[in-house]
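Q: based on what follows, work out the 3D shape:
(2 chains)
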Amino acid sequence: MIPTGSQPSQAQAGSLAGVGPSTGSQPSQAQAGSLAGVGPSTGSQPSQAQAGSLAGVGPASATRITPGNALRPEDIALEVQRGEAKPSEDVGEYALRLGDDALILAQRLGHWISRAPELEEDVALGNIALDQLGHARSLLTYAGAAWGKTEDELAYFRREPEFRSAHLFEQPNGDFAVTIVRQFIVSYYQYELYRRLTASTDATVAAIAAKAVKEVDYHRDHSAQWVLRLALGTDESRSRLLAGLRLLWPYVGELFEDDALTARLGDAAVAPSSMRADFDRLTNEVLTEAEIDVPDVPSALGGGRRGQHSEHLGYILAEMQVLAREYPGASW
Amino acid sequence: MSPSNPQPSQVPTGSQPSQAQAGSLAGVGPQTGSTTSGTATGWPLWEVFVRSSRGLSHVHAGSLHAPDAAMALRNARDLYTRRNEGVSIWVVPADAIAASDPDSKGSFFESPQGKDYRHATYYVKSEGVKHL
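A: Model (predicted):
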C-alpha cells in the first residue's frame, strides 16, 4: 500500500511540477516519469501538477541527475486523503513525538546555514536538517490524519505545551562541538529507533522508518567522524567536545523512557528502554576510539513527551511559526 | 567548489601546492570558526570524480575543501550526489594531479592537426581485403 519500492504514485503525478534548480539533466531522466516534489514542495497535492512539460531539461552535465524514487510526504498525504491511511489516536500521538523531534532539530540545524566553519560543513549540516525535515513532514502528515489536521497545521498552529519533542532536540546549537555532540546522540538514538520501526505493525510507520533509517545511518557516520576529529585534534577542539558531552549527556535519559503510550502501542512502536543497550554499546565504541569516557552526569528532568519544555522551545516556535501565523495560508 | 563545472580538464594547474601541505587536522579546531580568513582555513583542496552509473567511468565533478580523505569523501557525497548523481566517488588531493600548462597549448595540442595519416579514415581499403 505504501510505495516503498516501486514508483506508482510518481508515475501518476505525471508532471515535472516543482523541479528545483536541478537542471542539467539528461534525456534518460525523462523515463523516471515525474519529478513532482523535487524542489521546495509545500505539502501540496498532485492538484498542483502543471502541464507535463519537460521544464528544466538543459544541456548534459558531467553527472546524471535523477530524482530516484522513495516514499514522500505527498504520498502519505494522498493516502490519508483517500482514507487508505488512518492511524489510531495512539499511533498519531506516537508519530507526533517522533515528528516533533525531527522538526525541532531541523529548525535548530537550519540555523547553521551560512554559519558553519566551512562551506562544505554548511552543506553537510543543511543536508541533515533537510533529511530531518523530510522525516518530520512524513510523520506529522500521518499523525495529523488521526485528528483531521495537515502537517502545516500541526507544525505552525500548535502551542508550546502541545509539542511532544524531547528536550535534547531543542537544546541550543552552542559552538560546533555542541552541535556535533547533539547530532551524535540524536543519530545513534534515531538509528536504533527507525531500524526497529521498519518492523512496526503499522505499515505507514514502517515505511517512513525504512526511508529514514538509511539517512540517519549517514548522520551517524558524519557525527562520529567529527567526534573523532574534534576529540583527537587540538587541545582546544578536545576540550570543547568534552564540554559539549557534559552539557548534553543529561538529556540522553529522556529518550529511553517508557510510558503508558509506548506500552499500549506494543509492536506498532518500540519500547524506548529496549534500545538503550545498543545505543550505549555503539556510542561507547566511538567514544572509546576518541579516548573519552562516557560522561558521569545526572539525568535532566525531561517531560517533553508530556509537553513540558525548557525555555528554549518557545523561542524556536516563535521564529518558526511567525510567518504562518502572521499570514495564514501564505504561499510562494 | 563549482558543482556544474562542465570541463573535466579544468584541474588546478599546480598553482596551489601550499594548500595541500596543511594536510593534518590543523584548522579543524575553533580557529576555523573565525570568519576572518574566509576560505583560507588551511583545509587542503580535493578534486572529486563521480561515477554516475555502473559501466561508466568516473567524471570530474568539481572540487572541495576537507581536512582529510575520509571527510573529503563525505563532503563530496553531500555536495555532488544530492540529486542521485552517483554510485561511486573518488577524491584526489588537488596537488597530486599534474596538469598540462594552458600556455603551451600550441606545442602540446596543435601538433596533430593536419596529420591525417594518424586517422584510420586517411587510408583507402586495399583491394581484395575482406572483413574490414
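Q: next structured bit after the helix or strand bottoming out on mean pLDDT in chain B?
A: The helix or strand with the lowest mean pLDDT-type score in chain B, counting by mean pLDDT, DSSP states H and E, is helix B:17-21 (a mean of 39). Later in the chain than helix B:17-21, the nearest helix or strand by DSSP states H and E is strand B:45-51.
Q: quick one: strands adjacent to that next one?
A: strand B:59-65 (antiparallel), strand B:88-93 (antiparallel) (DSSP bridges).
Q: tell me the most buried of those strands?
A: The highest mean neighbour count among the strands paired with strand B:45-51, using mean count of other C-beta atoms under 10 Å in any protein chain shown, belongs to strand B:59-65: a mean of 23. Every C-beta, even on glycine, is put in place using the N, C-alpha and C of the backbone.
Q: remind me, longest helix of chain B?
A: In chain B, taking DSSP state H as the definition, the longest helix is helix B:69-80.
Q: pLDDT on it, on average?
A: Averaged across helix B:69-80, pLDDT comes to 95.
Q: now check that helix, is it near chain A?
A: Yes - Helix B:69-80 lies within reach of chain A by C-beta under 8 Å from any C-beta of the partner chain, at B:70-71, B:74-75, B:77-80.
Q: doesn't B:Asp95 belong to a helix?
A: Yes - under DSSP: H, G, I helix; E, B strand; the rest coil, B:Asp95 sits within a helix.
Q: and it, how many neighbours?
A: 20 (other C-beta atoms under 10 Å in any protein chain shown).
Q: does the residue positioned nearest the centre of chain A count as helix, strand or coil?
A: With distances taken as C-alpha atoms, centre = their mean, the residue of chain A nearest its centroid is A:Gln132 (2.0 Å). Following three-state DSSP, the label given to A:Gln132 is helix.
Q: who's in contact with it?
A: Applying C-beta atoms under 8 Å, 6 or more residues apart in numbering or on different chains, we find A:Gln132 in contact with A:102-103, A:105-106, A:109.
Q: in helices only, show me those.
A: In this view, the contacts of A:Gln132 that belong to helices under DSSP H are A:102-103, A:105-106, A:109.
Q: wait, which of those residues is closest to chain B?
A: Proximity of the ones in helices among the contacts of A:Gln132 to chain B (C-beta to the nearest C-beta) peaks at A:Leu109, which lies at 13.2 Å.
Q: I'd like to know how many residues surround the closest residue to A:Gly266 other than its chain neighbours.
A: With C-beta to C-beta, 6 or more residues apart in numbering or on different chains as the criterion, A:Gly266 has its nearest non-adjacent residue at 7.7 Å, and that residue is A:Thr201. As a burial measure, A:Thr201 scores 12 neighbours (other C-beta under 10 Å).
Q: related to what we said a few turns ago, how close does the residue nearest to the centre of chain A sit to A:Arg108?
A: 9 Å (C-beta to C-beta, to the nearest Å).
Q: hmm, back to that, tabulate the strands paired with strand B:45-51 (TSV), appending mean pLDDT.
A: Output for the strands paired with strand B:45-51, formatted as TSV (pLDDT from 0 to 100):
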stretch	mean pLDDT
strand B:59-65	95
strand B:88-93	96
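Q: can you get me a residue count around A:Ala318?
A: Counted with other C-beta under 10 Å, A:Ala318 comes out at 11.
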